[in-house]
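> Just a sequence and a predicted model for now, questions to come.
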Amino acid sequence: MATTRVLVTGFEPFGGSDDNPSMRIVHALAGDPPAGIELATGVLPVTWAGAWPGVLELMSQHRPDLVLMLGQSGKRSSVTVERFALNFGRGRIADNDGVDRPDGALVEGAPLALASTIDVDGAVEAMTNAGTPARPSHDAGACVCNLVLFQSLLRATPGQRAGFIHVPMLPGQQGTENGEPTMDAAESGRAVRAAIEFLSA
């Protein structure tokens, strides 16, 4: 049986924070990859101009069977797996280049939305069975997380799957002072590992 090639990406800190749980998870996976897969990882800039080129370069270099992108969510108390990416972008806050993106389509003439090509419900079940609260989510929002999922789905080669997982912010992370839900990186990382193992089987 052929080894599954998996690319996992996270994001650098943004919004004034000095940390990002998705970055921590990617680093942990790189140091201890799940058995039986060929793993590549990368940490992306939180910029409208740089995030997708970063994913595209990694996809071109590693030719993964599965592209699984991670990002943080400041509003969610569980790990969430996105069902759709929207052909729409909105700069809720300035990116790490200081750019405030105006509302509008990501790719003119492309579909209004694209469905994730991973087994969302199966991944959620695997994460729940690993002991971490997890649920499906309708879409990846309208920020840079959604951008990389939409472009990855739009540009995927035949048979190549792509999906996105949002994880809660870290305890004590800047931005959680007003009671935002949090989760330890070890717990959210355990869920992501379970999802990778399920999706690679």
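Noted; the coordinates are in hand. Numbering: from 1, shown residues only.
> most centrally placed residue in the protein?
By CA atoms, centre = their mean, the chain has its centre lying nearest to Leu70, at 2.2 Å.
> do you know how far Leu68 is from Gly15?
Distance from Leu68 to Gly15, counting by CB to CB, to the nearest Å: 23 Å. For the C-beta atoms, the positions are set from N, CA and C on the backbone; glycine is no exception.
> Show me where the chain dips below the pLDDT cut-off.
The chain contains residues with pLDDT under 70 at 1.
> Run through the helices of it in chain order.
21-31, 51-62, 120-129, 144-155, 185-200 (DSSP state H).
> Contact partners for the spatially closest residue to Pro168 that is not a sequence neighbour?
Distances taken as CB to CB, 6 or more residues apart in numbering put Met183 closest to Pro168, at 4.0 Å, once the chain neighbours are dropped. Listed by CB atoms under 8 Å, 6 or more residues apart in numbering, the contact partners of Met183 are 21, 77-79, 132, 167-171.
> follow-up on the earlier one: verify the stated contact: the residue nearest to the centre of the chain with Asn20.
No. Using CB atoms under 8 Å, Leu70 is not in contact with Asn20; the gap is 9.2 Å.
> Leu68 and Gly15 - which one has more neighbours?
Between Leu68 and Gly15, Leu68 has the larger neighbour count (other CB atoms under 10 Å), namely 24 against 15.
> out of the contacts of Met183, which is most surrounded?
Neighbour max across the contacts of Met183 (other CB under 10 Å) = Val79, 31 neighbours.
> Now for it: which residues touch it?
127, 132-135, 165-168, 183, 188, 191-192.
> quick one: which of those is nearest Thr4?
Val192 (15.3 Å; CB to CB).
> Once you drop chain neighbours, what's closest to the closest one?
Val192's closest residue in space is Ile25 (CB to CB, 6+ apart), at 5.4 Å.
> Could you check how far Ala130 is from His62?
Ala130 is 25 Å from His62, by CB to CB.
> typo on my end, Ala35
Distance from Ala35 to His62, by CB to CB: 18 Å.
> neighbour-wise, which of those two wins?
His62 (17 against 7).
> Tell me which residues touch Gln174, please.
16-19.
> Which members of those residues are classed as buried?
17, 19 (16 or more other CB atoms under 10 Å).
> Throw the contacts of Gln174 into CSV and include distance to Leu39, thanks.
CSV is the format used below for those (distance: CB to CB, whole Å):
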residue, distance to Leu39
Gly16, 31
Ser17, 26
Asp18, 26
Asp19, 22
